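Peer 1: Return atomic coordinates for the entry below.
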Amino acid sequence: MLKSVIEWTWVLAIFGVAALIGNWFGMDVLPWEAIPGMLILIAVSLVGLMLEKALPFSMPAVGYIGILAIIISLPWFPGSDYVVAWTSQIGILALATPILAYAGISVGSNWADFRKLGFRSFLVAIAVFLGTFIGSALIAEVILRWQGII
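Peer 2: Residues are numbered from 1 along each chain as shown. I've put the predicted structure just below:
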């Protein structure tokens with residue numbers, strides 16, 4: 001398990017650095033100001049991954065991570081004010097960008113596997129992308145018109 005923890009730490013550290021850079025450009029939060037929040041997110045993720053391997057329950061790591069994150073951010077938990085203040089310095093888009101980039105690279109490197117899914121899967125993916133884009137554009141249009149911006 002030690003080997004897995006070391007690998008997880010490296011991967012999370014790489015994603016953390018990428019997210020800090022994205023956070024800097026996207027939210028104008030300097031990386032050294034967001035480091036405490038990123039370290040908390042990395043620590044919670046590591047503990048969740050370790051719990052998935054150590055506990056006999058059949059629950060994915062994301063479940064453990066979510067439960068642990070909720071617990072440490074509850075008002076009665078010691079130090080929760082710091083946890084909430086530090087992690088609020090990190091935008092969700094800064095976290096999603098490196099993860100989505102990794103997912104894109106992994107799909108891109110496995111085109112043979114992607115082709116095995118067939119033409120129907122490609123059509124479903126295009127429909128999802130198109131629907132998401134049109135839905136986002138419609139929501140933005142309605143909100144911006146409602147606010148009088150356009």
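
Peer 1: For burial, what's the neighbour tally of the residue lying closest to S88 once chain neighbours are set aside?
Peer 2: Nearest residue to S88, sequence neighbours excluded (Cβ to Cβ, 6 or more residues apart in numbering): G37, at 7.2 Å. For the C-beta atoms, the positions are set from N, CA and C on the backbone; glycine is no exception. Using other Cβ atoms under 10 Å, G37 has 23 neighbouring residues.

Peer 1: Quick check: G37 touching Q89?
Peer 2: Yes. Assessed by Cβ atoms under 8 Å, G37 is found in contact with Q89 at 4.8 Å.

Peer 1: buried set for the helix or strand harbouring I14?
Peer 2: Taking DSSP states H and E as the criterion, I14 maps to helix 2-27. For helix 2-27, the neighbour count (16 or more other Cβ atoms under 10 Å) marks 8-9, 12, 15-16, 18-20, 22-24 as buried.

Peer 1: List just the nearest of those residues to I71.
Peer 2: Closest approach to I71 among those (Cβ to Cβ): L12, at 19.6 Å.

Peer 1: How much space separates V47 from G91?
Peer 2: 23 Å (Cβ to Cβ, to the nearest Å).

Peer 1: Next SSE downstream of the helix holding I14?
Peer 2: Using DSSP H and E, the first helix or strand after helix 2-27 is helix 31-54.

Peer 1: Convert the C-alpha atoms of that next one to PDB, please.
Peer 2: Taking Å, rounded to 0.1, in the frame of the first residue of the first chain, the C-alpha atoms of helix 31-54 are listed here in PDB:
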ATOM      1  CA  PRO A  31      -0.400  30.300  -5.600                       C
ATOM      2  CA  TRP A  32       1.200  30.800  -2.100                       C
ATOM      3  CA  GLU A  33      -2.100  32.100  -0.800                       C
ATOM      4  CA  ALA A  34      -3.900  29.000  -2.000                       C
ATOM      5  CA  ILE A  35      -1.300  26.400  -0.900                       C
ATOM      6  CA  PRO A  36      -2.900  25.700   2.500                       C
ATOM      7  CA  GLY A  37      -6.200  25.000   0.900                       C
ATOM      8  CA  MET A  38      -4.600  22.800  -1.800                       C
ATOM      9  CA  LEU A  39      -2.700  20.900   0.900                       C
ATOM     10  CA  ILE A  40      -6.000  20.200   2.700                       C
ATOM     11  CA  LEU A  41      -7.600  19.000  -0.500                       C
ATOM     12  CA  ILE A  42      -4.600  16.700  -1.200                       C
ATOM     13  CA  ALA A  43      -4.600  15.400   2.300                       C
ATOM     14  CA  VAL A  44      -8.300  14.600   2.300                       C
ATOM     15  CA  SER A  45      -8.000  12.900  -1.100                       C
ATOM     16  CA  LEU A  46      -5.100  10.800   0.200                       C
ATOM     17  CA  VAL A  47      -7.000   9.800   3.300                       C
ATOM     18  CA  GLY A  48     -10.000   8.900   1.200                       C
ATOM     19  CA  LEU A  49      -7.900   6.800  -1.100                       C
ATOM     20  CA  MET A  50      -6.300   5.000   1.800                       C
ATOM     21  CA  LEU A  51      -9.700   4.300   3.400                       C
ATOM     22  CA  GLU A  52     -11.000   2.800   0.200                       C
ATOM     23  CA  LYS A  53      -8.100   0.300   0.300                       C
ATOM     24  CA  ALA A  54      -8.000  -0.300   4.000                       C
END
